[in-house]
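*Asks:* build me a model:
(chains A and B)
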There are 2 protein chains.
Amino acid sequence: MSKLPDIKQNFPEWYQEVIYQSQLADQAPVKGCMVIRPYGTALWENIKNILDKKIKRTGHQNAIFPLLIPLSFLEKEAKHVEGFAPELAIVTHAGGEKLEEPYVVRPTSETVIHYMFALWIKSWRDLPMKINQWANVMRWEKRTRPFLRTTEFFWQEGHTAHETLEEADAEVETMLNEYIDLAENFLAIPVLSGMKPESEKFAGADKTFTFEGIMPDGKALQMGTSHLISQNFAKAFGILFQNREGVQAYPFLTSWGASTRLIGALVMTHGDDKGLVLPPAVAPIQVVIVPIFRKGHDAQKLVEVAQKIAASLQDKASVHIDRDEHETPGAKFYKWELKGVPLRVEIGPRDLEQNQAVLVDRLGMAKRSVSLDHITQEILITLDAIQAEMYKRAKDRLKERVLPSGKLVEFGNDLANGSFAYQTGWCQSPECEKVLKEYKATIRCLLDQATQKTCFNCDLPSVCDVIVARAY
Amino acid sequence: MSKLPDIKQNFPEWYQEVIYQSQLADQAPVKGCMVIRPYGTALWENIKNILDKKIKRTGHQNAIFPLLIPLSFLEKEAKHVEGFAPELAIVTHAGGEKLEEPYVVRPTSETVIHYMFALWIKSWRDLPMKINQWANVMRWEKRTRPFLRTTEFFWQEGHTAHETLEEADAEVETMLNEYIDLAENFLAIPVLSGMKPESEKFAGADKTFTFEGIMPDGKALQMGTSHLISQNFAKAFGILFQNREGVQAYPFLTSWGASTRLIGALVMTHGDDKGLVLPPAVAPIQVVIVPIFRKGHDAQKLVEVAQKIAASLQDKASVHIDRDEHETPGAKFYKWELKGVPLRVEIGPRDLEQNQAVLVDRLGMAKRSVSLDHITQEILITLDAIQAEMYKRAKDRLKERVLPSGKLVEFGNDLANGSFAYQTGWCQSPECEKVLKEYKATIRCLLDQATQKTCFNCDLPSVCDVIVARAY
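*Replies:* Residues are numbered from 1 along each chain as shown, chains lettered A, B, ... in the order given. Here you go, the predicted model:
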């Protein structure tokens, strides 16, 4: 293992290296794809389980739709195909023959799911239809980065159909709020959220809502989206139902998704010069116990105590005992810090004599000896404290990185450097929005606040505050 | 909903219809693919969770590898590409350009995983490496049937590397046994298991072990396989490790997989003229409570009692209350029988007066009234009894369908009709095996028994018993 690049001097290189060295992921021998290694997969499974429970608790059911979609399906919704055409991977041959109609590897599944909705939905009694799919999707991206933008990525995509616009609007909001809860209360990532401007909407949506983190380098990261889908999809796929008045009507549709990109957000938001820092709520290993083997002392005894602690935490915390007898304690500390394990427990022969162990949290809050008599409780309390502290620190950094500011002429230079995001005003004209291109920045979302009187660019009144930033 | 085809007269049509009508799956608008509907997905998730726990408990870790594989990777192992070439789906264009090298949609992941193994495995300390992947794979099949053979299917594929042949052999056996335990103790499907003959091995394996059910129509269904992979893979991908003696050596490899085909096995093994019959251990809904609403009686009271029963079963059984007020009780019974829910609880106003409810099991074992005072316990006991009875009945049917028999001349006609499987002897010559083609039958597996003295075809001594059958 080589030293990590300096996180302050070279954040992008640090990001790639920490992912490879901590064994979250590796480069795949396929352009723009990654292999998610066991450590990264365990992290993804933890995130997935939390989100899957939320999705089910809010009345959705999982289903599985095909990987391949007839190209003609995408062409049924004009804006949709326009948005995705440049990124498609296309299957032209199969079973030793050229296909009559090519298939695309799904970039998202609206089209095929709406095709099925048209078969399944006949009456208002069939509504709401609330479906979710965990799937791999593919978008042929030019520049890729592990977890943040990969050709193949892994996500869930929710697709629902409702009787009324009000219900569909409520669904879009409910799922956005579930995502925000996941981000803030499990991933310990404070987010900004709101509607996207017209220019940044999903290809085929009437409205797109986003939740975004501001990374330590000042750039915004879109972590997921929730869309009110255009009625055009219902029309294009002939989704019709008999409403309560006996009249044929088009249902109102939504879709919402979050992906393995959440792992990229975790890495960037919490990482430090020693490596990853993972929040206890999703860490694959929450506690690593390192017995400090010393010559002339009973190694077996140390392992037994470690096992006893681990057993006392069963079903309460995920624990790993590092029994390797070849590595030095120092090398082990380095390794588990790199992997971002939130809490380390050290037990050496002298600790044992004193009936204690040493707790070292990954945040450097405190290193303290605790009695073996109540170590289980102490460990659980410390894990909670780490989770809370991680959120607090991330929230403080967010505040430092999002500056309130009135005019682009004042903050333009710093915006172009990408070191900060700005909460400013906007007149909602596309012309003013376009000016941001010169700064490589975009309007990330519209806020429910109105602290600014005029637009960041012109002198017209601001309709609402917006977040302006460069973005991943 | 239309009537199901007669299960005895027309098993294949019954099979397709029961899957569509029970809403396990639907046809997708993609050749040979299916949509797994929420009910089928919930069933698959239950099976997946059981198998995933087994895989983790036996020391494997999940990882995620890319969907696309460079075509050249498959060509590195001669038998492998020969076996899979006719079934490949090929991506030739992506991102608006023709690709320099086409990619195949993985038919299985040995090649790309072995490529990564070569990067990850350096020393005996890195072994054993025990990886599993849950994934979608694609094989362009000519004739498809939902769950049994679909162009895209869903599975887990385990891939491991070991220091010694003995360890690899043990791994192959361990995972075969885990599969058998899943089949028999959770899916309630008794299976036959053993080694495949040379002709039926996985493309690139030294040895393939299989576990197969014998379906009610007498045909064998391969439910999963466990392979000792040829050293050629390690050589082709340059997987080399420094062994304990400091010498560079090739590791011994295994792979093993089971798929959504298990659902096909469940449907066929247990289904009856009323529809699906699902074993409680994997049923998405184990208990359906049907309040029998009668005019002039308090519907709300019935629902409250149903809710109380459901609450008492929380975390113990999955319960659905059918509160629909438009459907008749008869229509509900029909629907939940079709869906194979193992246990139905009926509560009408008169039952309530007598402080009781009626339990009706899906097997037709008994219909009985039980006191509401100890209904929770009664329900749990009945679910266990249903699980046991399902296995027993399936075991009895297996015995009826697998006949001991000496000579092909005697059983050939019935074999060709496909109504029975035969346990017979084999000299292990490919010539005798080939004769079975005329009967559209194959040797399904070699058994550890030797009840027959001579080969089914010639007069040479039998080496071991084999199962001969037509197969799905």
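
*Asks:* which residues touch the residue in the stretch 101-250 of chain A that chain B sits nearest to?
*Replies:* Closest to chain B within the stretch 101-250 of chain A is A:Trp140: 3.5 Å, counting by Cβ to the nearest Cβ. For the C-beta atoms, the positions are set from N, CA and C on the backbone; glycine is no exception. The contact partners of A:Trp140, by Cβ atoms under 8 Å, 6 or more residues apart in numbering or on different chains, come to A:32, A:86-89, A:151, B:94-96.

*Asks:* kindly report the same for A:Leu67.
*Replies:* Contacts of A:Leu67 by Cβ under 8 Å, 6+ apart are A:105-106, A:135-136, B:33, B:67, B:105, B:136, B:138, B:152.

*Asks:* repeat that for A:Leu74.
*Replies:* By Cβ under 8 Å, 6+ apart, the neighbours of A:Leu74 are A:80-81, A:84-85, A:88, A:104, A:111.

*Asks:* for the closest residue to A:Ile7 other than its chain neighbours, which three-state class applies?
*Replies:* Nearest residue to A:Ile7, sequence neighbours excluded (Cβ to Cβ, 6 or more residues apart in numbering or on different chains): A:Trp14, at 4.5 Å. Recorded secondary structure, A:Trp14: helix (DSSP: H, G, I helix; E, B strand; the rest coil).

*Asks:* could you report the neighbour count for A:Trp14?
*Replies:* 21 (other Cβ atoms under 10 Å in any protein chain shown).

*Asks:* ok, it - contacts?
*Replies:* Going by Cβ under 8 Å, 6+ apart, A:Trp14 touches A:4-7, A:271.

*Asks:* A:Ala283 now?
*Replies:* A:Ala283 neighbours (Cβ under 8 Å, 6+ apart): A:43, A:46, A:318, A:340-342.

*Asks:* so how far is the strand or helix carrying A:Thr111 off the chain centroid?
*Replies:* Under the criterion of DSSP states H and E, A:Thr111 resides in helix A:110-120. Its chain's C-alpha centre and that of helix A:110-120 lie 27 Å apart, by Cα atoms, centre = their mean, to the nearest Å.

*Asks:* same question, stretch A:122-131
*Replies:* 30 Å.

*Asks:* distance between the ends of it?
*Replies:* This stretch, stretch A:122-131, spans 16 Å end to end (Cα to Cα, to the nearest Å).

*Asks:* now it: buried residues?
*Replies:* A:124, A:127-131 (16 or more other Cβ atoms under 10 Å in any protein chain shown).

*Asks:* equivalent analysis for stretch A:192-208, please.
*Replies:* Counting neighbours by 16+ other Cβ under 10 Å, stretch A:192-208 gives A:192-197, A:200-208 as buried.

*Asks:* now it - C-alpha only, CSV.
*Replies:* Listed next in CSV are the C-alpha coordinates belonging to stretch A:192-208 (Å, rounded to 0.1, in the frame of the first residue of the first chain):
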residue,chain,number,x,y,z
LEU,A,192,-29.8,20.7,0.1
SER,A,193,-33.0,19.9,-1.7
GLY,A,194,-35.5,21.4,-4.1
MET,A,195,-36.8,21.5,-7.6
LYS,A,196,-34.5,21.5,-10.6
PRO,A,197,-34.7,24.3,-13.1
GLU,A,198,-36.3,23.4,-16.5
SER,A,199,-32.8,23.0,-18.1
GLU,A,200,-31.7,20.3,-15.6
LYS,A,201,-34.9,18.1,-15.5
PHE,A,202,-34.9,14.4,-16.2
ALA,A,203,-35.5,13.7,-19.9
GLY,A,204,-39.3,13.4,-19.9
ALA,A,205,-40.2,14.8,-16.6
ASP,A,206,-42.6,17.7,-15.8
LYS,A,207,-40.8,18.4,-12.5
THR,A,208,-37.6,17.0,-11.1
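
*Asks:* quick check on the closest residue to A:Trp426 other than its chain neighbours: phi, psi?
*Replies:* Spatial nearest neighbour of A:Trp426, excluding adjacent residues (Cβ to Cβ, 6+ apart): A:Val466 at 4.5 Å. When read as degrees, to the nearest 10, the backbone of A:Val466 gives phi -140, psi 160.

*Asks:* residues in contact with A:Leu446?
*Replies:* Counting by Cβ under 8 Å, 6+ apart, A:Leu446 has contacts A:194-197, A:426, A:464-466.

*Asks:* what number of residues lie near the residue of the stretch 351-472 of chain A found nearest chain B?
*Replies:* Taking Cβ to the nearest Cβ, chain B has its nearest neighbour within the stretch 351-472 of chain A at A:Tyr472, 19.6 Å off. By the criterion of other Cβ under 10 Å, A:Tyr472 has 19 neighbours.

*Asks:* thought A:Arg149 was touching it, still the case?
*Replies:* Yes. Using Cβ atoms under 8 Å, A:Tyr472 makes contact with A:Arg149 at a distance of 7.4 Å.

*Asks:* returning to that earlier point: buried subset of the contacts of A:Trp14?
*Replies:* Buried members of the contacts of A:Trp14, scored by 16+ other Cβ under 10 Å, are A:4-5, A:7, A:271.

*Asks:* what two of those are the furthest from one another?
*Replies:* The span of these, defined through Cβ to Cβ, is set by A:Pro5 and A:Gly271 at 11.6 Å.

*Asks:* sorry, back to before: nearest to B:Asn232, of the buried ones among the contacts of A:Trp14?
*Replies:* The nearest member of those to B:Asn232, counting by Cβ to Cβ, is A:Leu4 at 39.0 Å.

*Asks:* what's the spacing between the residue lying closest to that closest one once chain neighbours are set aside and B:Val341?
*Replies:* Computed as Cβ to Cβ, 6+ apart, the closest residue to A:Leu4 that is not its neighbour in sequence is A:Glu17, at 5.4 Å. As for A:Glu17, its distance to B:Val341 is 53 Å (criterion: Cβ to Cβ, to the nearest Å).

*Asks:* before we move on, the earlier item: among the contacts of A:Trp140, which are in helices?
*Replies:* With helices defined by DSSP state H, no entry of these lies inside them.

*Asks:* go through those residues and say which is closest to A:Val172.
*Replies:* Closest approach between the contacts of A:Trp140 and A:Val172, by Cβ to Cβ: A:Glu87, at 24.2 Å.

*Asks:* count the residues that sit near the closest one.
*Replies:* Residues near A:Glu87, counting by other Cβ under 10 Å: 17.

*Asks:* now do the contacts for it.
*Replies:* A:Glu87 touches A:107, A:139-141, B:95, counting by Cβ under 8 Å, 6+ apart.

*Asks:* lowest-confidence one in those?
*Replies:* Lowest pLDDT within the contacts of A:Glu87 is found at A:Glu141 (90).

*Asks:* re earlier: turn the contacts of A:Leu74 into CSV, columns for neighbour count.
*Replies:* What follows is the contacts of A:Leu74, written out as CSV (neighbours: other Cβ atoms under 10 Å in any protein chain shown):
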residue, neighbour count
A:His80, 25
A:Val81, 19
A:Phe84, 20
A:Ala85, 15
A:Leu88, 24
A:Val104, 25
A:Thr111, 27
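
*Asks:* check pLDDT for these and point me to the minimum.
*Replies:* A:His80 (84).

*Asks:* the nearest residue to it once chain neighbours are set aside and A:Ser255, how far apart?
*Replies:* Spatial nearest neighbour of A:His80, chain neighbours left out: A:Gly204 (3.9 Å); criterion: Cβ to Cβ, 6+ apart. A:Gly204 sits at a distance of 9 Å from A:Ser255 (criterion: Cβ to Cβ).
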